[in-house]
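Chemist: Next comes the sequence, and after it the predicted model I'd like to discuss.
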There are 2 protein chains.
Amino acid sequence: MKTYSITEVAEYFNLTPHTLRYYDKEGLIPFIERTSSGKRVFKESDIESLKIIECLKSSGMPIKEIKHFIEWCAEGDSTLQQRYDMFLERKASVEAQMDELKRTMEVIEHKCLYYKTALDSGTEDVHKNIKVKSSSAQ
Amino acid sequence: MKTYSITEVAEYFNLTPHTLRYYDKEGLIPFIERTSSGKRVFKESDIESLKIIECLKSSGMPIKEIKHFIEWCAEGDSTLQQRYDMFLERKASVEAQMDELKRTMEVIEHKCLYYKTALDSGTEDVHKNIKVKSSSAQ
DNA sequence: TTATTACCTAAAGTTAACTCTAAGTCAAGC
DNA sequence: GCTTGACTTAGAGTTAACTTTAGGTAATAA
């Protein structure tokens, strides 16, 4: 079975070996095997686990909570409900983040147009007649 | 002209007065006026500026960079290009974040289905025959 | 007049997620 | 046999964005 060094895995996930050791210390990858001299040996299944960890991370989940999930995985079928609920929560959280980003995007696109118009006419004053009130950070 | 206290503004933006004072200290709202006794007085235009600040914050922009934008605003038309470029960059950044969230969502939805199926059959083993390899954190 | 309430400052503390440092081990190549 | 490079650990340091603390002022209500 193909295995990987910590540096190979770090490069694959765009992390540093330091960060992977930190994840290990925090209990995110407790199943990693070692060589007789103590070096971490990453198996294919470890890569798959790290993919889930990265997914949870990019959903905004803190490392301590990811650790709980990893512990549930080790506990087996008795934690299936918790894990299901957790992913439903993650789904709701990501949906909320997407909604917020959409609202943010609308303001930003409005500002892009605002500054495009201002640049074309050489001055921000072009907007002064359109808006009723002027403000300091437009 | 209607004005607002720091607590009113904090409630409006779902922040604390502490946080608004911190933003002031960091140079995000240098245009705030004070009463004779030193209390901050927020005008309508300050609220508008804070809306932009909140937008930039939720786009993932660090406070020090938002400060630069606020400084550019004070400098006038000579910084129109910088401000336009900044909003174009913000737009690209938010687009990238949305793409990442979409990819994250796909994995999460897959996991929701995975755990729904496992729960229905009472054991995760139901997936063992479908996948070629098993892994520790599925 | 006193108590309360809302505000103020400066500065220290907190938290998450790294990130770095120092000192050491081990296997491979010259 | 020695050097090099990739790994190891424990623990200290960093950064961002707050958050809290301590001590103080000013206006208002009883």
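Modeler: Thanks, I have it. Small disclaimer: the values here were computed from a predicted structure and weren't measured.
Chemist: chain center to the helix or strand residue A:70 falls within: distance?
Modeler: If you go by DSSP states H and E, residue A:70 is part of helix A:63-75. When distances are taken as C-alpha atoms, centre = their mean, to the nearest Å, helix A:63-75 is centred 17 Å away from the chain's centroid.
Chemist: And whichever helix or strand comes after that helix, what does it pack against?
Modeler: Going down the chain from helix A:63-75, the next helix or strand is helix A:80-121, by DSSP H and E. The contact analysis (3 or more C-beta pairs under 8 Å, 6 or more residues apart in numbering or on different chains; DSSP states H and E) places helix A:80-121 against helix A:63-75, helix B:44-58, helix B:80-121. In short, each C-beta sits where N, CA and C put it, glycine included.
Chemist: can you tell me which residues contact the residue nearest to the spatial centre of chain A?
Modeler: Centroid check for chain A by C-alpha atoms, centre = their mean gives residue A:58 as the closest residue, at 1.4 Å. Residues near residue A:58 by C-beta atoms under 8 Å, 6 or more residues apart in numbering or on different chains: B:100-101, B:103-104.
Chemist: what's the most distant pair in those?
Modeler: B:101 and B:103 (7.4 Å; C-beta to C-beta).
Chemist: near DNA strand C at all, the helix holding residue A:70?
Modeler: Yes: judged by C-beta under 7 Å from any atom of the strand, helix A:63-75 and DNA strand C are in contact via A:63-64.
Chemist: neighbouring contacts of that helix?
Modeler: Here helix A:63-75 makes contact (C-beta under 8 Å, 6+ apart) with A:23, A:26-31, A:49, A:53, A:56-57, A:79, A:82-83, A:86, B:136-138.
Chemist: and if you look at stretch A:89-101?
Modeler: Contacts with stretch A:89-101, where a contact means C-beta under 8 Å, 6+ apart, come from A:56, A:59-61, B:58-59, B:94, B:97-98, B:101-102, B:104-105, B:108-109, B:112.
Chemist: returning to what we had before: now the contacts of residue A:58 in JSON lines, with pLDDT, distance to residue A:4 and neighbour count?
Modeler: Below are the contacts of residue A:58 laid out as JSON lines (pLDDT from 0 to 100; distance: C-beta to C-beta, whole Å; neighbours: other C-beta atoms under 10 Å in any protein chain shown):
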{"residue": "B:100", "pLDDT": "98", "distance to residue A:4": "24", "neighbour count": "12"}
{"residue": "B:101", "pLDDT": "98", "distance to residue A:4": "28", "neighbour count": "19"}
{"residue": "B:103", "pLDDT": "98", "distance to residue A:4": "23", "neighbour count": "12"}
{"residue": "B:104", "pLDDT": "98", "distance to residue A:4": "24", "neighbour count": "22"}
